[in-house]
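Trainee: here is a sequence with its predicted model. Questions after.
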Amino acid sequence: MPEVFIEKENKTVAVEAKTVKEIIKKLKINPETIIISKNSELVTEDSRVSKNDKIKLLSVISGG
């Protein structure tokens, strides 16, 4: 299972999934509020994941 680090909650969890989109859905995270990193590279929701991947869901900070 890929390891998923959730920056907002400062925790790492293992999630059974085939794509980043599936991970986001299972964790009930709004995809518009995060940037996704897989093995230190930015990726999209459609990216496939394997059991050894390290996924980071990084919070987007906006201001004005």
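Mentor: Ah, there it is. These numbers come from a predicted model, not from an experiment. Numbering: from 1, shown residues only.
Trainee: for the residue nearest in space to the middle of the chain, give me the pLDDT.
Mentor: In the chain, the residue lying closest to the centroid (C-alpha atoms, centre = their mean) is Leu57, at 3.8 Å. On pLDDT, Leu57 comes in at 97.
Trainee: gap between it and Asn30?
Mentor: Distance, Leu57 to Asn30, using C-beta to C-beta, to the nearest Å: 11 Å. Just so you know, the C-beta spots here come from the backbone N, C-alpha and C atoms, and that holds for glycine as well.
Trainee: low pLDDT regions in the protein?
Mentor: Applying pLDDT under 70 to the chain picks out residues 63-64.
Trainee: helices of that one, residue ranges please.
Mentor: In the chain, helices defined by DSSP state H lie at 20-26, listed in chain order.
Trainee: quick check: Met1 vs Thr33, distance?
Mentor: 23 Å.
Trainee: what about the residue nearest to the residue nearest to the centre of the chain when sequence neighbours are not counted, how many residues nearby?
Mentor: Leaving aside its sequence neighbours, Leu57 sits nearest to Ile34 (C-beta to C-beta, 6 or more residues apart in numbering; 4.7 Å). Using other C-beta atoms under 10 Å, Ile34 has 20 neighbouring residues.
Trainee: cool, and Ser40?
Mentor: So Ser40, with other C-beta under 10 Å, has 7 neighbours.
Trainee: tell me how many other residues crowd the residue nearest to it when sequence neighbours are not counted.
Mentor: Distance criterion C-beta to C-beta, 6+ apart; nearest residue to Ser40, sequence neighbours excluded, is Lys54 at 7.7 Å. If you count neighbours by other C-beta under 10 Å, Lys54 ends up with 14.
Trainee: can you pull the contacts of Lys54?
Mentor: When contacts are counted by C-beta atoms under 8 Å, 6 or more residues apart in numbering, Lys54 is found next to Pro2, Glu3, Phe5, Lys38, Asn39, Ser40.
Trainee: hey, what's the third one bridged with?
Mentor: This points to Phe5. Thr12, Lys56 (DSSP bridges).
Trainee: before I go, just wanted to say thanks for your time.
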